[in-house]
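Trainee: structure of the sequence below:
(chains A, B and C)
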Amino acid sequence: MVGPTASLSNLSRADGSASFKCPTTGYKILGSVNAPVELPGRRDALKPEEATVEVFIKPGNTTAGVGERYVEGIIRTMLQKLILGRERGFPRRGVVITLAIVGGGAIARGDSYLTLLPSLLHTSLLALLSGAVPMSMTYSTALVAVSKSNVIISNPTLVEAKAASSLHVLAFSSKGHLLLNESQGRFDFDTWKTVQQCAHALCRGVDLPEVDGDIAMEAQGDSGTAEGFVRETVENHLYRDYAWKIDTE
Amino acid sequence: MASPLVLLPGDEVPTRHLPSNKSNPLKLGPGLRLLSQPSSTSQNTQSQHVLAATQAGILTTDVKRNTVSLLSFPNRRYIPTVNDLIIAQIHHSSVDYFHCMVTPHTAHALLGQLSFEGASKKTRPMLRQGDLVYARVLSIGLGAGAEVELTCVNPATGKSEPGGLGPLNGGMVFDVSTGMAARLLRASSSSSEQSESIDGLVVLSELGKKLESLGGFEIAVGRNGKVWIDCSNAGESAVKATIAIGRCLQTVDEKGLGPTDQKKFVTRILREMKLVS
Amino acid sequence: MVTSAAAPAPSSRPALSLPPSQFARLQPHAYLLAHLSPPSTNNQPSIRANGRAPTQFRVTSANAGSLTHTNGSAVVRIGDTAAVCGVRAELLHTEDIASWSVSQATSSNKSPRSVDQTEELGEQDDNETIERERAHIEDLNLLVPNLSLSTGCAPGFIPGSAPSSLAQSLSHQILSLLHSTRLVRADDLRIWYQPPSMGPEELERHNEEEQMDVDTAQNDPVEESPREIKAFWVLYIDIMIISLAGNAFDAAWAAVLAALRDTKLPKAWWDVDNETVVCSDSISDARKLSLRGLPVASSFAVFEADAAAGWRAVVIPEAAEMKAQRLARKGGVSERWLLADPDGYEEGLTQERACVVVDKDTDGKVIILEMEKNGGWTIDTEDLQQLVDLSSQRWEDMKRILDEC
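Mentor: Purely as a prediction, here's the structure:
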């Protein structure tokens, strides 16, 4: 299977940016992060104790509508908990994330946004990392569909997703917590449990037996998982940026 | 070590990577924070505190100074920090202050009309819109919307310390990444014979050697990702030389050239521009 | 104020003289925490500041058909949150749909009658039916929900202002739930026309026949020429939140559901002579929508005991570790509570939310239609199982309430 592709820091004016392409759904997202930025004239956004997280989604072919507002809300709620908005320089300022859908099919009014959500979340994470925004954990997400005949399809294509009886997006933190679950369609709880295990395997690989601190961390460098992909992308970029330093050491 | 350790937010710093210098306290650089175990689980015998990353970066330690820090992405926006040397551009002036641009799209920084070496009401420099100054960040204020204040003079001594602060006349400014600016500053602050090895940056010493015949050049590096270059001694080819140096620095920054490549590139550029035969 | 309150107390302890309402405003988190974790000396159960048990929903009432000039309407009140929903049906002629002739040419090859028959059989929809349903309801936008919060429902919402992002995302959530549950059957919204297969002299007689019920005309074996869709009903579903005290989605969805159950569409047919759709004005001819199931939404919030958790630089335990800790602490002091149907006060104190939409089939088996969880990391699989169980209990209550209204 062809894995996703991503690149970091492709915009020069933004503090952090990333582009992400999901091969199965065909979506290509370009994300930028500016943080911390002043939000002048936004009295509602000036929180005295922490930073305000703002997410904007720009569809490629139309203006943003109610569907985008809804997904913006999902992403904002999830990131607000992970971004350390109380670090120095962040309170009373904003973390502004802009995600532009630059490739892939259009999403019509009232359509499910679930097929797009994992790509959006991965792009935001990579952009936040490249913008060096302090976060408490990272995360990884997966899209899982359950077909009419109760077959679990991981990373479904758009056609499979449309024909599926239920569609699930799950996000796991880098410490294994279930951060986000968005499920739509007709299913029962046992199906969801299987879906959850499947998504967990996609995001973080098979559960390793609990080993002591450092060893466990290096053991999970599996590149097949979504988490491994994020780590690999960041590592490659940092190694390239600091090639001068690594070479001289 | 073969490849340096990259940490992502939430990753703990493995204890074996910490410097084992016990004489003075460990200092934390940016991107790291000290976490304590939640009180409810304190019964276990493990250490109560762990160091965890809050950004993605390469873990670096300095055994001599007993510091540990995280090298994050070098292209990040400049955020003023006290004592940074920066190159600012005058936007407009008011009675007491020059209003300067440090980074695009941010509030102007203030530079006192009298914050220059030997400046008084009569002798202060008459800077106009667009002029450049090499200045030090004096204070960044507190909280959001606070004003950044710059100075070109050490208030204690009345001298422009470190040397070279003040208006920059002539020359040209090039944009580089903030990471490159920091490297250039580190390279130039160390003594010249040592600078060969500093941060793998040989481009400046190489350029210095090659352009010595033309009368050398002046350079000022601002932490805000600006480099000012002046070759007014070079006479006829002053403009050419300035452009050549700027191009060398920008290419080294963008392409991440290694020391040998830097040397090759400098030679190539200078030959292309017909500065050195 | 302070002295008068302290006067009856024999021991002068000014700290306790603060009336509860002020304490609730000054220290909202501590106030709710004190309610939820009563001292172990008195055997009080844990109770919320609003007097409910953690998993108890607010008193819910529903009233259908209150608006007379709509096709269907309902008022649903959950505690102090009240939502009014009105459904208005308007006609969409197929000749006004730009792409109609093109899309029809590709999809009308299959006999429409066979499709209808499978649909009447009940839930055994084949893929083809679902595809047709989707094509009609979703692509033609036959359901148009719009939620409005700018009714001055809460101090933050000024009447006459642009729809807030909360209102917009609730509108989308309702629309996407209408689509994903396929609550409204596309066939209820179609207006068919059966072209006569007889000579022009019989046309007059035929017109009278057409006024009979569509179903009898369709079962007539003589007529063989294919039927065609002449128009659709478009349902404009407008929801006004007239009072907002938390949990707007449950109230809004319940109002939509009750209003759709109340909706009656007038009998409509294609009049060949005038080339237009004609509706009957007799109420007895109007028929109700036959909805698919009864999806009921239940929302939950997680209240964390530690108010300053976000400030504390502590290690976030691994998920497995966290579970082990929780098991070890079972029976002791809880560190977080799952609150069903949070009110406005509780919503301000919680970040983690979950929403479950369930339905039950005829055998009483629980079907989950939507399950959302966001904003934190304390809800795990076991908690979600518990929430689904709570939601299915809630389904019974809501079914009773909606059946009565």
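Trainee: show me the contacts for the residue most central in space within chain A.
Mentor: Here the mean C-alpha position of chain A is nearest to the C-alpha of residue A:121 (CA atoms, centre = their mean), at a distance of 2.1 Å. Applying CB atoms under 8 Å, 6 or more residues apart in numbering or on different chains to residue A:121 gives the contacts A:75, A:78, A:139, A:141, A:171, A:180. (Glycine included, C-beta is placed from N, CA and C.)
Trainee: buried set for stretch C:134-143?
Mentor: C:136, C:137, C:138, C:140, C:142, C:143 (16 or more other CB atoms under 10 Å in any protein chain shown).
Trainee: let me have the residues you listed in a markdown table, extended by pLDDT and secondary structure.
Mentor: Formatted as a markdown table, these follow (pLDDT from 0 to 100; DSSP: H, G, I helix; E, B strand; the rest coil):
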| residue | pLDDT | secondary structure |
| --- | --- | --- |
| C:136 | 81 | helix |
| C:137 | 83 | helix |
| C:138 | 81 | helix |
| C:140 | 84 | coil |
| C:142 | 91 | coil |
| C:143 | 93 | strand |
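Trainee: and those residues near chain A, which?
Mentor: Among the buried residues of stretch C:134-143, proximity to chain A is found for C:138, C:143 (CB under 8 Å from any CB of the partner chain).
Trainee: related to what we said a few turns ago, return the distance of the residue nearest to the centre of chain A relative to residue A:138.
Mentor: Residue A:121 sits 11 Å away from residue A:138, going by CB to CB, to the nearest Å.
Trainee: how about residue B:134?
Mentor: Residue B:134 is 40 Å from residue A:138, by CB to CB.
Trainee: one more: residue A:53?
Mentor: For residue A:53 relative to residue A:138 (CB to CB), the value is 16 Å.
Trainee: one more: residue C:26?
Mentor: For residue C:26 relative to residue A:138 (CB to CB), the value is 37 Å.
Trainee: comparing the two, which residue is more hemmed in?
Mentor: Set residue C:26 next to residue A:138 and count neighbours by other CB atoms under 10 Å in any protein chain shown: residue A:138 wins out with 24 against 10.
Trainee: list the buried residues in whichever helix in chain B runs longest.
Mentor: Longest helix in chain B by number of residues (criterion: DSSP state H): helix B:238-255. Using 16+ other CB under 10 Å as the test for burial, helix B:238-255 gives B:238, B:240-253.
Trainee: only alpha carbons, please: show that helix as PDB.
Mentor: Provided in PDB are the C-alpha atoms of helix B:238-255 (Å, rounded to 0.1, in the frame of the first residue of the first chain):
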ATOM      1  CA  ALA B 238      31.300  47.100  -4.600                       C
ATOM      2  CA  VAL B 239      27.800  46.200  -5.700                       C
ATOM      3  CA  LYS B 240      28.900  43.000  -7.400                       C
ATOM      4  CA  ALA B 241      30.700  41.900  -4.300                       C
ATOM      5  CA  THR B 242      27.800  42.700  -2.000                       C
ATOM      6  CA  ILE B 243      25.400  40.700  -4.200                       C
ATOM      7  CA  ALA B 244      27.900  37.800  -4.300                       C
ATOM      8  CA  ILE B 245      28.200  37.600  -0.600                       C
ATOM      9  CA  GLY B 246      24.500  37.800  -0.100                       C
ATOM     10  CA  ARG B 247      23.900  35.100  -2.600                       C
ATOM     11  CA  CYS B 248      26.500  32.900  -0.900                       C
ATOM     12  CA  LEU B 249      24.900  33.300   2.500                       C
ATOM     13  CA  GLN B 250      21.400  32.700   1.200                       C
ATOM     14  CA  THR B 251      22.300  29.600  -0.800                       C
ATOM     15  CA  VAL B 252      24.300  28.100   2.100                       C
ATOM     16  CA  ASP B 253      21.200  28.700   4.200                       C
ATOM     17  CA  GLU B 254      18.600  27.300   1.800                       C
ATOM     18  CA  LYS B 255      20.500  24.300   0.600                       C
END
